Every structure is written in structure tokens, then in C-alpha cells.
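Show me the folded form of this:
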Amino acid sequence: MTKTVEFFYDFGSPTCYLAFYKLRELEEEGKLKIEYRPILLGGIFKTIGNIAPANIPAKGKYMFQDIIRYAKRYGFDYNFNPHFPINTLNLMRSAVGMLEDERFVEFNDVLFKAFWRDQKNMGDPETVKEVIEKGGFDFNKVLALSTDQRVKDELKERTGKAVERGLFGAPTMFLDNEMYWGQDRIFMIEEQL
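Predicted coordinates for the structure are as follows:
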């Protein structure tokens, strides 16, 4: 039986980008099934008093070099986004709103590539509109989802529940209710499988 891996993520994280594609590779190989858990990483940091690794100069410098190493190792295209950090609140709301859409994974693919391959300024509304429409999605539908109060509340609730489960960053994965933080721990998930 194929086991499910819960994947907690935010588009604004380059390590979530790597994890998204690595987990998808494993899913395509039949090794696992992904259960997507969009959350607001900034909300987690604020709730628990954590800060992004990039905000610590030495750690940030190392982390961005390490991401390049992992992207090469995985064979993924990666380009640091010069607009980083980008507020992802509305984009993560749209991800929550799109959860039941049959093209949900493709929607995530379009946004992750815009951030971490194509270096788009995803904090600019016109750029977001262009990216979403170029990806074949109805921008007005996506915009409506991101402003729907039920969707806003759901993202807030998902982020709060993630904190209750012990999340302090992203990507975070759960396999058999055991937590794995960071895309560089995916090999441990493979070993467990």
C-alpha cells in the first residue's frame, strides 16, 4: 500500500520549491502519495517567534548556496528570486481555495516556477495576473478565491493547526505522524518507505 506524506509548504520558500518537485518525483515513481497542506510560513514565524533563516546573514548565505547544490543534485532548474522575500498571503489563500480544483497540482507548479525558476516579482499584482493567465488559469476566479472570507479563515486555521502539530518552518512533511523538516530530509522519508 502506498503511504501518504503530508506536505506543508509556502510558495515563498525556495526549499519548499525543491521539496515540491522532489516529492512529486517520488509520487510519480509510486513511492508515496502527497497530501498538500498549504500554510502561511510568515504566520507560523509570527506565532512561535521564529525568523526566516535568510534573516540571519551567515545562515542565509549558507542556505542559499546549499539550495543551489540541492537543485543541481536533483536536476531541477533553480534561480534565486531577486525580489525575495515576497509576501505570499494572497497566493497561499489562492492555493487553499484551489485545493479541490482538478488542476490544483498544476496551479502549484505554475506558481513555484514563477518564483524560483523564472524570478518573477510575485508581490506585484500585475505580474501575478500575467503568471496565472499564462498558466491557463482564470485570474478572476483565483482572485475571488483569495478574497473569499471562508478561504481566508481556512488558511488561518490550517496555519494554526500546523503550529499545534509542532511546525516551526517549511517545508515540513509528516509520514506516519512523524515530522520531517526541510527538503534535505526527504531521503529519510524514502528510507522509511
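
Give me the pLDDT value at Ser87.
Rather than Ser, residue 87 is Asn. Asn87 is assigned 95 on the pLDDT scale.

Quick check: it touching Met122?
No. Counting by C-beta atoms under 8 Å, Asn87 stays clear of Met122, with 9.0 Å between them. No exception for glycine: its C-beta is placed from N, CA and C like everyone else's.

Residues in contact with both of those two, list them for me.
Gly12 (C-beta atoms under 8 Å, 6 or more residues apart in numbering).

higher neighbour count, those two?
Met122 (23 against 12; other C-beta atoms under 10 Å).

I'd say that one and Pro85 touch.
No. Using C-beta under 8 Å as the test, Met122 is too far from Pro85 to be in contact (10.7 Å).

Now the common contact residues for the two.
With C-beta under 8 Å, 6+ apart, Met122 and Pro85 have common neighbours Gly12.

got the end-to-end distance for stretch 94-111?
By C-alpha to C-alpha, to the nearest Å, the extent of stretch 94-111 from end to end equals 11 Å.

and that stretch, what's its mean pLDDT?
97.

likewise stretch 1-15?
Computed over stretch 1-15, the average pLDDT equals 95.

Can you point out the buried residues in that stretch?
Neighbour-count burial for stretch 1-15 flags 5-15 (criterion: 16 or more other C-beta atoms under 10 Å).

Now do the end-to-end distance for it.
For stretch 1-15, the first-to-last residue distance is 28 Å (C-alpha to C-alpha).
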